[in-house]
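Colleague: How does the following fold in three dimensions:
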Amino acid sequence: MLVLGIESSCDETGIALYHTEAGLLAHRIHSQIAMHTEYGGVVPELASRDHIRRALPLLDACLAESGKQLADVDAIAYTQGPGLAGALLVGASVANALGFALQKPVIGVHHLEGHLLSPLLAEPKPAFPFVALLVSGGHTQLMAVHGIGQYELLGETVDDAAGEAFDKSAKLLGLGYPGGPALSKLADTGDASRFKLPRPMLHSGDLDFSFSGLKTAVLKLVTEQSPLDDTTRADICAAFQEAIVEVLLKKCLAAMKQTGMQRLVIAGGVGANRQLRATLDEAALRRRFTVYYPPLALCTDNGAMIAYAGAMRLQHAVPSYGYGVKPRWDLASLPAA
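Modeller: Alright, predicted model coming up:
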């Protein structure tokens, strides 16, 4: 079965073609970073309009790369939520229009389920069950994943997500938007031991996270050290990144101990962070568990994860046409496959 995946939940337009036997045939992503940089954050109306401009040209590029025709598509999956309502409606409209015209089944996919399952697009792929850390600009959650649609929330952030804390702290440091990648790059040249930043909720006794206090500590440090020279800025970045990584590591280890599982899956944009990956890999060797990541190109929002999740869902769900989107959508409410 050849599934077309469409992702348009926020500021990336993703289109992909996934075949249930041949694997991922093609995928294309257009990022709107350059457009939103001028405003210091995502402007929903501009995001929606740009999705409209990009979707069909990206689809044409995927078809050309894969050597397939639109008529070869067997089903269409799109991100139904959560995300920006206007942006989601673009993907829903394109998917349902194509499905109706081609007389092909259409299915809405939960954006976070796509992220959770994205490591299954890599080799080696994890077997169920596993603990999953979903860590991105909008979400930081620990889940026990027992199968498709069988998700148990173990812990989540009570305020800022990890990626959000990266971006906001980067803005405080004058690194622009989106600042997370720039902060991580600068951290590689800094001395993390120069400044001591808090590790919020590290010893809370549960699996929840909190990163707003860490962001506030960065603000205080920036104020105290102002004006910042390049060395000081890099050292603050290194200290911040080390604090985030330590909290994520300790919570992951606690989740694995609590569940008794020996497989850990990392998904979401922050999963591309080099220090996080190196720290988790080192811990996996030392404690004898296995950690899995999606391909680097699929850490950000993308159509491949939506196509894959849609393919898994289509084996058990009844597809239907409809333009309803779900800007807020609890992952735990999904039915088991």
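Colleague: Can you check my assumption that His146 lies in a helix?
Modeller: No: His146 is assigned strand when assessed by DSSP: H, G, I helix; E, B strand; the rest coil, not a helix.
Colleague: list the contacts for the residue lying closest to it once chain neighbours are set aside?
Modeller: Among residues not flanking His146 along the chain, Pro129 sits closest, at 4.5 Å (Cβ to Cβ, 6 or more residues apart in numbering). For the C-beta atoms, the positions are set from N, CA and C on the backbone; glycine is no exception. With contacts defined as Cβ atoms under 8 Å, 6 or more residues apart in numbering, Pro129 is in contact with Ala144, Val145, His146, Gly147, Thr259, Met261, Arg263.
Colleague: If we use 7 Å, what do you get?
Modeller: Contacts here follow Cβ atoms under 7 Å, 6 or more residues apart in numbering; on that basis Pro129 touches Ala144, Val145, His146, Met261.
Colleague: Please report phi then psi for it.
Modeller: Torsion angles at Pro129 (phi, psi; degrees, to the nearest 10) stand at phi -90, psi 170.
Colleague: just to revisit the earlier point, buried subset of the contacts of Pro129, written for PyMOL?
Modeller: Typed into PyMOL, the line below selects the buried ones among the contacts of Pro129, using 16 or more other Cβ atoms under 10 Å:
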select buried, resi 144+145+261
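Colleague: one step back: quick one: pLDDT of the residue nearest to His146?
Modeller: pLDDT, the model's per-residue confidence, is 97 for Pro129.
Colleague: cool, Ser320 as well?
Modeller: On the pLDDT scale, Ser320 gets 67.
Colleague: Please apply the same query to Pro57.
Modeller: In this model, Pro57 is scored at 98, pLDDT.
Colleague: Look at it and give its secondary structure.
Modeller: Assigned by three-state DSSP, the conformation of Pro57 is helix.
Colleague: How many residues are close by Ala267?
Modeller: The number of residues packed around Ala267, counting by other Cβ atoms under 10 Å, is 27.
Colleague: what is it paired to in the beta sheet?
Modeller: Here Ala267 shows beta-bridge partners Leu134, assigned using DSSP bridges.
Colleague: what residues are up against the nearest residue to Gln262 once chain neighbours are set aside?
Modeller: Nearest residue to Gln262 in three dimensions, chain neighbours excluded: Phe289, at 4.6 Å (Cβ to Cβ, 6+ apart). For Phe289, the residues meeting the contact criterion (Cβ under 7 Å, 6+ apart) are Met256, Gln262, Arg263, Leu264.
Colleague: do Ile15 as well
Modeller: In this structure, Ile15 makes contact with Ile6, His27, Arg28, Ala55, Leu58, Leu59, Cys62, Gly303, judged by Cβ under 7 Å, 6+ apart.
Colleague: Spell out which residues make up each domain of this protein.
Modeller: In the domain annotation for the chain, the residue ranges read 2-116+298-333, 127-293 (automatic domain parsing).
Colleague: What distance do you get for the residue nearest to Gln262 to Thr259?
Modeller: Phe289 sits 11 Å away from Thr259 when distances are taken as Cβ to Cβ, to the nearest Å.
Colleague: And for Leu298?
Modeller: For Leu298, the distance to Thr259 under the criterion Cβ to Cβ works out to 25 Å.
Colleague: More neighbours: those two, which one.
Modeller: When Leu298 and Thr259 are compared for neighbours, Leu298 comes out ahead with 27 against 16, by other Cβ under 10 Å.
Colleague: I'd say that one and Leu121 touch.
Modeller: Yes: assessed by Cβ atoms under 7 Å, Leu298 is found in contact with Leu121 at 6.1 Å.
Colleague: residues shared between the contacts of these two?
Modeller: By the contact definition Cβ under 7 Å, 6+ apart, Leu298 and Leu121 are jointly contacted by Ala304.
Colleague: Now name the helix or strand holding Met261.
Modeller: Under the assignment given by DSSP states H and E, Met261 is not contained in any helix or strand.
Colleague: An error on my part: the question was meant for Ile107.
Modeller: Secondary structure assignment for Ile107, by DSSP H and E: strand 106-110.
Colleague: Could you do Leu253 as well?
Modeller: helix 230-259.
Colleague: Run through the neighbouring helices and strands of that helix.
Modeller: Contact partners of helix 230-259 among helices and strands, from 3 or more Cβ pairs under 7 Å, 6 or more residues apart in numbering; DSSP states H and E: strand 130-135, strand 140-147, helix 162-172, helix 180-187, helix 212-225, helix 274-287.
Colleague: Dump these to a markdown table, plus distance to Leu46.
Modeller: Putting these into a markdown table (distance: least, Cβ to Cβ, whole Å) gives the following:
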| stretch | distance to Leu46 |
| --- | --- |
| strand 130-135 | 26 |
| strand 140-147 | 26 |
| helix 162-172 | 18 |
| helix 180-187 | 20 |
| helix 212-225 | 26 |
| helix 274-287 | 31 |
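Colleague: so which of the ones you listed comes closest to Lys104?
Modeller: Between Lys104 and those, the shortest gap by Cβ to Cβ is with strand 140-147, which sits at 26.3 Å.
Colleague: Direction included, what does the closest one pair against?
Modeller: When sheet partners are counted by DSSP bridges, strand 140-147 sits next to strand 130-135 (antiparallel), strand 150-156 (antiparallel).
Colleague: returning to what we had before: which of the contacts of Ile15 sits closest to Glu152?
Modeller: When the contacts of Ile15 are compared for distance to Glu152, the smallest value, 27.2 Å, is given by Gly303; criterion: Cβ to Cβ.
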